[in-house]
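Trainee: Quick check, what structure comes out for this input:
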Amino acid sequence: MSKQKAAFFLMTIPAMVLFFIFHTYPALQGIFYSFTNWKGYGDWGFVGFKNYMNVFKDDRVLHAYLFTFKFAIISTILVNIISLLLAMGLNAKIKFKKTLRAIYFMPNILSILIVGYIFNFIFSQLIPTIAEKLGIDSLTTNILGDQDLAWIGIVIVAVWQAVAFNTILYLAGLVTIPADLYEAANIDGANIWKRFWYITFPMIAPFFTINMVLAMKNFLMVFDQIMAMTGGGPGQATESIALLIYRGGFEGGEFAYQSANAVIYFIVIVVVSVIQIRFLQRREVEM
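Mentor: Numbering: from 1, shown residues only. As a prediction, this is how the structure comes out:
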């Protein structure tokens, strides 16, 4: 046993070293620089909690947080509703079930940036051209160029691509439900809604919790879709927190300041995830 433990330990060392070099060390370095005035180059000095205090006073940061949470909440709700409906449909007794599952999962394997550029072309060129020929005036303009509508285009793309993974998770939960429960419910005269509310949903509640937490976390970290589709525009209408940290830190000479913003951002995501898990797990017990 001692030799086996030693072998397992030796096999984990390379992974631990790589994880520390490319993840833990940069994270600790970012936390360290958040207490300095470093611009990403040149000399630096300690400023204490000055960067953290300035983050809470920055209107641009506040706007980025508001946009990101609005985007994340709406996208999380839509993804889980659509994914659950698709999973229930794909779990039913239909033809070409496996083929349809593969087709619905395809968006998840595509590059987010490539998908963003494709939909950028669709929203800016394809839809306006088709709408103009059909005489639909409301769709002849590019919504990505509208400060009030640009976020909707990003939500559509993000939800379309995220639905694939969440659907697979819901399918994994649906296949664990014994068929006997539905047969007993049919004998008792339960309709579709009652079977869903009293059997399906309680049985897949743990998968619902996982999907809600993962979806919210991923959408709070949205970056690629915005970079590919709007670049944070028009103006700063679709500027997310991740995009603001990237631009300010690597393009604006605010490395230390945005490092402090990133630390706060990390804490916010952890707090939101913990609150979600505790609340949803409590609901699981009640069900």
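Trainee: what's the helix or strand for the nearest residue to I94 once chain neighbours are set aside?
Mentor: Spatial nearest neighbour of I94, chain neighbours left out: L100 (7.5 Å); criterion: Cβ to Cβ, 6 or more residues apart in numbering. (Each C-beta comes from the backbone N, C-alpha and C, glycine too.) Counting by DSSP states H and E, the element that carries L100 is helix 97-109.
Trainee: on that earlier part again, do you know the pLDDT at the residue nearest to I94?
Mentor: Listed pLDDT for L100 reads 79.
Trainee: what about it, distance to T176?
Mentor: 20 Å (Cβ to Cβ, to the nearest Å).
Trainee: These two: who's more crowded?
Mentor: L100 (14 against 10; other Cβ atoms under 10 Å).
Trainee: the helices in the stretch 151-287 of the chain, which residues?
Mentor: 179-187, 192-195, 201-203, 205-220, 224-229, 241-246, 255-286 (DSSP state H, counting those that start in this stretch).
Trainee: Quick one: closest of the ones you listed to D148.
Mentor: helix 224-229 (15.6 Å; Cβ to Cβ).
Trainee: got the contact list for the closest one?
Mentor: 112-113, 115-117, 119-120, 123, 144, 153-154, 157-158, 232, 238-240, 243 (Cβ atoms under 8 Å, 6 or more residues apart in numbering).
Trainee: From the chain's centre, how far out is it? Work that out for me.
Mentor: The chain centroid and the centroid of helix 224-229 are separated by 13 Å under Cα atoms, centre = their mean, to the nearest Å.
Trainee: ditto for stretch 232-248
Mentor: 16 Å.
Trainee: Stretch 20-37 too?
Mentor: 24 Å.
Trainee: One more: stretch 116-134?
Mentor: Counting by Cα atoms, centre = their mean, stretch 116-134 comes out at 25 Å from the chain centroid.
Trainee: go on, stretch 65-72?
Mentor: The answer for stretch 65-72 is 11 Å, by Cα atoms, centre = their mean.
Trainee: Show me where this protein dips below the pLDDT cut-off.
Mentor: 1, 284-287 (pLDDT under 70).
Trainee: For the helices of the stretch 151-287 of the chain, could you give me JSON lines that also reports distance to M88?
Mentor: Below are those laid out as JSON lines (distance: least, Cβ to Cβ, whole Å):
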{"stretch": "helix 179-187", "distance to M88": "12"}
{"stretch": "helix 192-195", "distance to M88": "10"}
{"stretch": "helix 201-203", "distance to M88": "10"}
{"stretch": "helix 205-220", "distance to M88": "12"}
{"stretch": "helix 224-229", "distance to M88": "27"}
{"stretch": "helix 241-246", "distance to M88": "33"}
{"stretch": "helix 255-286", "distance to M88": "19"}
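Trainee: Could you pull out the buried residues of stretch 56-67?
Mentor: By neighbour count on 16 or more other Cβ atoms under 10 Å, the buried set for stretch 56-67 is V61, A64, Y65, F67.
Trainee: Show me which of the residues you listed is closest to S259.
Mentor: Distances from S259 to those, taken by Cβ to Cβ, are shortest for V61, at 13.2 Å.
Trainee: what's the closest one in contact with, if anything?
Mentor: Contacts of V61 (Cβ under 8 Å, 6+ apart): V55, I241, L244, N261.
Trainee: how close does it get to V115?
Mentor: 28 Å.
Trainee: mind checking how far the closest residue to L90 other than its chain neighbours is from V175?
Mentor: What sits nearest to L90 in space, not counting adjacent residues and going by Cβ to Cβ, 6+ apart, is R101, at 5.5 Å. R101 sits 11 Å away from V175, going by Cβ to Cβ.
Trainee: The residue nearest to I94 against A87, yeah?
Mentor: No - if you go by Cβ atoms under 8 Å, L100 and A87 don't touch, sitting 11.3 Å apart.
Trainee: Ignoring the adjacent residues along the chain, who's closest to Q276?
Mentor: V213 (5.0 Å).
Trainee: Based on its surroundings, how many neighbours for the one you found?
Mentor: 18.
Trainee: can you check W38 too?
Mentor: 21.
Trainee: how about it, secondary structure?
Mentor: coil (DSSP: H, G, I helix; E, B strand; the rest coil).
Trainee: again, but for the one 5 residues further on
Mentor: The three-state label for D43, taken from three-state DSSP, comes out as coil.
Trainee: quick one: contacts for G249?
Mentor: G40, F255, Y257, Q258, S259, A262 are the contacts of G249 under Cβ under 8 Å, 6+ apart.
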